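# what shape does this take:
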Amino acid sequence: MGKVGRERKERILAGLEKPISEETRGKARRTGLKKLQSQSTPKQVDFLADTLHSGHLGAGKLKRQLVKNAPNEMKKGIVRLRREGKTPTVDLLLEEYRNDTGFQKLANEVGLDSTWFENLAEEMIKDGNTN
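Below you'll find the predicted structure:
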């Protein structure tokens with residue numbers, strides 16, 4: 001714990017300052033997340049790239065989130081394509097990914113290249129994951 005942390009702890013113990021509860025921290029995180037989710041995709045990508053480059057967001061954490069969310073996004077794409085009467089293919093699923101160079105760059109920075117997305121698309125189509 002650094003000097004600022006020790007001083008804050010002393011103020012809390014002396015009753016001069018209240019500790020920040022986990023509930024308050026959680027509310028702040030959810031508020032920020034809702035604000036981010038309401039933005040357009042390019043703005044979200046820009047925000048994530050800025051936080052990654054500033055060191056406020058670790059590459060490993062971002063990679064875990066992208067890996068976690070990618071299958072759900074692929075499922076949405078499959079459902080959308082079927083609704084439009086098209087047969088889902090790897091090329092159709094990756095069309096949005098290929099057109100978004102900002103996202104491609106961000107994903108490459110954390111270790112997810114186009115091959116990873118192609119393999120995921122093939123797996124999703126093969127398994128028929130649309131639920």
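# any idea of the pLDDT on Gly15?
According to the model's per-residue confidence, Gly15 sits at a pLDDT of 83.
# how many neighbours does it have?
A total of 7 residues lie near Gly15 under the criterion other CB atoms under 10 Å. (Glycine included, C-beta is placed from N, CA and C.)
# let's verify it: helix, strand, or coil?
Three states are possible here, and by DSSP: H, G, I helix; E, B strand; the rest coil the one that applies to Gly15 is coil.
# go ahead and confirm Leu36 touches Asp46.
No: under the contact definition of CB atoms under 8 Å, Leu36 does not touch Asp46, with a separation of 10.8 Å.
# following element in sequence after the least confident helix or strand in the chain by mean pLDDT, please.
In the chain, the helix or strand scored least confidently by mean pLDDT, DSSP states H and E is helix 22-37, which has a mean of 63. Where DSSP states H and E defines the elements, the next helix or strand beyond helix 22-37 is helix 41-54.
# now that next one: buried residues?
Residues of helix 41-54 classed as buried under the neighbour-count rule (16 or more other CB atoms under 10 Å) are 44-45, 48-49, 52.
# contacts for the longest helix along the chain?
Ordering each helix of the chain by length in residues (DSSP state H) puts helix 59-83 first. Judged by CB atoms under 8 Å, 6 or more residues apart in numbering, the contacts made with helix 59-83 from elsewhere in the structure are 48, 52, 87-88, 92-93, 96, 106-107, 109-112, 117, 120-121, 124-125, 129-131.
# if you set the cut-off to 6 Å instead, what comes out?
For helix 59-83, contacts defined as CB atoms under 6 Å, 6 or more residues apart in numbering pick out 52, 88, 92-93, 110-112, 120, 124, 129-130.
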